[in-house]
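Asks: Just need the structure, nothing else, for what follows:
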Amino acid sequence: MRRNRRTKLIATLGPASQDDAVVKRLFEAGADVFRINMSHSSHEVLHQRVAQIRRIEQELGRPIGILADLQGPKLRVGTFAAPPVMLETGQKFVLDSDPKPGDSRRVHLPHPEILQALKPGHRVLIDDGKLLFRVTSVTAKRAEIMVEVGGAISNKKGVSLPDSLLPSSALTEKDRSDLTAALEAGVDWIALSFVQRPDDVAEVRKIARGRALVMSKLEKPQAIERLDEIMELSDALMVARGDLGVEMPLEVVPGLQKRITRLARKLGKPVVIATQMLESMIVSPMPTRAEVSDVATAVFEGADAVMLSAESAAGQYPIVAVETMSRIAEAVEKDPNYTVLLAGQRSPPEPTGADAIAAAARSVAETLDLKCIVAWTASGATALRIARERPYPPILTLTTSMQTARRLALVWGVHAVVGEDPADVDDMARLGARVAREQEFANPGQRVILVAGVPFGTPGATNMLRIAFVGAGGAS
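Replies: You can find the predicted model right below:
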């Protein structure tokens, strides 16, 4: 089940991908990680999905990553007596704490924390940004707002606040319950929605305690303002372009995507590009040319993974969508511009022995045209350091930990294999060369480079390089 591409693919599971047979076909079509959206999944469904993926994983003999995506706070207006209500540009409107049904002058806002955060001049967006308001005055129980872009408004439409920092945590009570359930089920990654501040990430990390890694979804302007701090605390990042494009001008999102991708790569942290990548394939077996170009741009930028949402969860062509995205990534990675662009974006290694070893492994492998880089790792840190270099040869990662292998399913260029721990350095070379041959990375007589930490099993102790010839039964 070796992929012919370095970029990984995340597929969201849903009504269109319920059966074992469909999920298995999605993996065979190219999905490396499966996303479970907790906005639409009960704890029972979560446990069923995890068990289903683990059955398929065992059947196929390949580690599969699982990402549980927390819903985050859903901010919505209340109901109207006679929806929909038309609001005209220039008129005044009120958001208040009165639970009575609304009309053309006011509506209930069942979120007192919003009224605490609003200030005169702040923008309020409703219904995915279709309606735009500006706050003129605010008290603890009501906010007067001016309609700048009018239109129809109806019950329970979503509210976005691009200028306001909410005092509440990104973790709701539902999220806390879902997080506990996801950790008990044994997922590999937790995606945290609507991150505003580093404290939001720290809160999830404290609860997870290493049982799953934390991916911060970047979809609010407040997160962009504190991007460096949030990235430092996160294990991975997701550019969630849907909500980001609601709360920020659409035209700035592509630049932010590039900025976040390059910063994440500099830090050696996986980055995922998500939302509306092949949106038309929800109802069509063919994507638009613009969508193909969008996916290709993310791959050219060196993103670790690209993600399908409704396309694989609720669309009419889930398997075709995965196959299409996989083909796009494969084609981009064969383009001669791909390696040139990745090399041009490469940052100098961090001033540590482990990072210097990873950079040297990439340089030696490319100079000598070695068939692959074999990375021994316990925690996955060595593989992440090598992936940060975006080497031309593939990265074969060997670990004794299935948990580590599953987490690395998200990481650019990494093909993880779970096996036995080497007894010594010579055994490491023999095992590495044997697995490289068995996994069809190298043939007898060809060379590979091995990277490891000595003593074995010591996290973060990457300190050794060795070149090995692949023999008929191991290394020579």
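Asks: what's around Thr79, how many residues?
Replies: A count of neighbours around Thr79, defined by other CB atoms under 10 Å, yields 16. C-beta: built from backbone N, CA, C; applies to glycine.
Asks: Leaving out chain neighbours, which residue sits closest to it?
Replies: Asn155 (4.4 Å; CB to CB, 6 or more residues apart in numbering).
Asks: Quick check: that neighbour vs Asp127, distance?
Replies: To Asp127, Asn155 is 11 Å away according to CB to CB, to the nearest Å.
Asks: just to revisit the earlier point, if I pick the residue nearest to Thr79, what's in contact with it?
Replies: 77-80, 83 (CB atoms under 8 Å, 6 or more residues apart in numbering).
Asks: 7 Å instead?
Replies: 79-80, 83 (CB atoms under 7 Å, 6 or more residues apart in numbering).
Asks: Now it. Its backbone dihedrals?
Replies: Dihedral pair for Asn155: phi -60, psi 140, per degrees, to the nearest 10.
Asks: gap between it and Gly255?
Replies: Distance of Asn155 to Gly255, given as CB to CB: 36 Å.
Asks: next one: Lys334
Replies: For Lys334 relative to Gly255 (CB to CB), the value is 27 Å.
Asks: what do you get for Asp243?
Replies: For Asp243 relative to Gly255 (CB to CB), the value is 17 Å.
Asks: quick one: which of the two has more around it?
Replies: Shown here are Asp243 and Gly255; by other CB under 10 Å, Asp243 has more neighbours (20 against 9).
Asks: Secondary structure of the more buried one: a helix, I assume?
Replies: Yes. Counting by DSSP: H, G, I helix; E, B strand; the rest coil, Asp243 is located in a helix.
Asks: where does the stretch 101-250 of the chain dip in pLDDT?
Replies: The model of the stretch 101-250 of the chain has no residue with pLDDT under 70.
Asks: For it, which segments are assigned as helices?
Replies: 112-117, 173-185, 198-208, 221-225, 227-233, 241-247 (DSSP state H, counting those that start in this stretch).
Asks: Could you export the third one as PDB, CA atoms only?
Replies: Output of helix 198-208 as PDB, limited to C-alpha atoms (Å, rounded to 0.1, in the frame of the first residue of the first chain):
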ATOM      1  CA  PRO A 198      -2.600  30.300  22.800                       C
ATOM      2  CA  ASP A 199      -4.400  29.400  26.100                       C
ATOM      3  CA  ASP A 200      -7.100  27.600  24.000                       C
ATOM      4  CA  VAL A 201      -4.400  25.200  22.700                       C
ATOM      5  CA  ALA A 202      -2.800  24.800  26.100                       C
ATOM      6  CA  GLU A 203      -6.100  23.800  27.600                       C
ATOM      7  CA  VAL A 204      -6.600  21.000  25.200                       C
ATOM      8  CA  ARG A 205      -3.000  19.800  25.600                       C
ATOM      9  CA  LYS A 206      -3.500  19.700  29.300                       C
ATOM     10  CA  ILE A 207      -6.500  17.500  29.000                       C
ATOM     11  CA  ALA A 208      -5.000  15.300  26.200                       C
END
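Asks: That helix versus helix 173-185: what angle between them?
Replies: Between helix 198-208 and helix 173-185, the angle comes out at 40 degrees (axes from the mean of the first three to the mean of the last three CA atoms, to 10 degrees).
Asks: Just list what helix 198-208 packs against, helices and strands only.
Replies: helix 173-185, strand 189-192, strand 213-218, helix 227-233 (3 or more CB pairs under 7 Å, 6 or more residues apart in numbering; DSSP states H and E).
Asks: between the ones you listed, which one is nearest to Ser401?
Replies: The closest of the helices and strands packed on helix 198-208 to Ser401 is strand 213-218. By CB to CB, the value is 13.1 Å.
Asks: tell me what the closest one is packed against?
Replies: The contact analysis (3+ CB pairs under 7 Å, 6+ apart) places strand 213-218 against strand 189-192, helix 198-208, strand 236-240.
Asks: Next, format the ones you listed as CSV and append mean neighbour count and distance to Ala416.
Replies: Shown next, in CSV, are these (neighbours: other CB atoms under 10 Å; distance: least, CB to CB, whole Å):
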stretch, mean neighbour count, distance to Ala416
strand 189-192, 26, 14
helix 198-208, 18, 21
strand 236-240, 26, 16
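Asks: In the stretch 301-450 of the chain, what residue spans correspond to strands?
Replies: 305-308, 373-376, 395-399, 414-418, 447-453 (DSSP state E, counting those that start in this stretch).
Asks: Can I get the first one as CSV, trimmed to CA atoms?
Replies: As requested, the backbone C-alpha atoms of strand 305-308 are provided in CSV (Å, rounded to 0.1, in the frame of the first residue of the first chain):
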residue,chain,number,x,y,z
ALA,A,305,-1.9,17.3,3.7
VAL,A,306,-5.0,18.4,1.8
MET,A,307,-8.5,17.6,3.1
LEU,A,308,-11.9,16.6,1.7
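Asks: what does that strand contact?
Replies: By CB under 7 Å, 6+ apart, strand 305-308 touches 7-12, 33, 35, 270, 272-274, 277-278, 295, 298-299, 321-322, 325, 329, 410.
Asks: can you tell me which of those residues are in strands?
Replies: 8-12, 33, 35, 272-274 (DSSP state E).
Asks: What is the nearest of these to Phe27?
Replies: Ala11 (8.4 Å).
Asks: quick one, what contacts that closest one?
Replies: 26, 31, 34-35, 308, 312, 322.
Asks: before we move on, what about Pro221?
Replies: So Pro221 contacts 162, 247-248 (CB under 7 Å, 6+ apart).
Asks: Turn these into CSV, including distance to Ala361.
Replies: Output for those, formatted as CSV (distance: CB to CB, whole Å):
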residue, distance to Ala361
Pro162, 44
Glu247, 41
Met248, 39
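Asks: Most neighbours of all these, which one?
Replies: The contacts of Pro221, ranked by neighbours (other CB under 10 Å): first place Glu247, 20 neighbours.
Asks: And the nearest residue to Ala212 once chain neighbours are set aside, how far from Trp376?
Replies: Spatial nearest neighbour of Ala212, chain neighbours left out: Ile190 (4.9 Å); criterion: CB to CB, 6+ apart. With distances taken as CB to CB, Ile190 is found 27 Å from Trp376.
Asks: Ok, Ala82 next?
Replies: From Ala82 across to Trp376, the span is 67 Å (CB to CB).
Asks: before we move on, what about Glu301?
Replies: In this structure, Glu301 and Trp376 are 29 Å apart, going by CB to CB.
Asks: more crowded one of the two?
Replies: Trp376 (25 against 19).
Asks: Which residue lies closest in space to the more buried one, excluding its sequence neighbours?
Replies: Counting by CB to CB, 6+ apart, Trp376 lies nearest to Ala452, which is 3.9 Å off, once chain neighbours are set aside.
Asks: What residues does that neighbour make contact with?
Replies: Contacts of Ala452 by CB under 7 Å, 6+ apart are 376, 428, 464.
Asks: cool, Lys141 as well?
Replies: 96-97, 115.
Asks: again, only this time at 6 Å
Replies: Counting by CB atoms under 6 Å, 6 or more residues apart in numbering, Lys141 makes contact with Ser97.
Asks: before we move on, what about Thr136?
Replies: Applying CB under 6 Å, 6+ apart to Thr136 gives the contacts 144, 146.
Asks: How much space separates it from Ala143?
Replies: In this view, Thr136 and Ala143 are 8 Å apart by CB to CB.
Asks: now swap in Arg466 and tell me
Replies: From Arg466 to Ala143 the distance is 65 Å (CB to CB).
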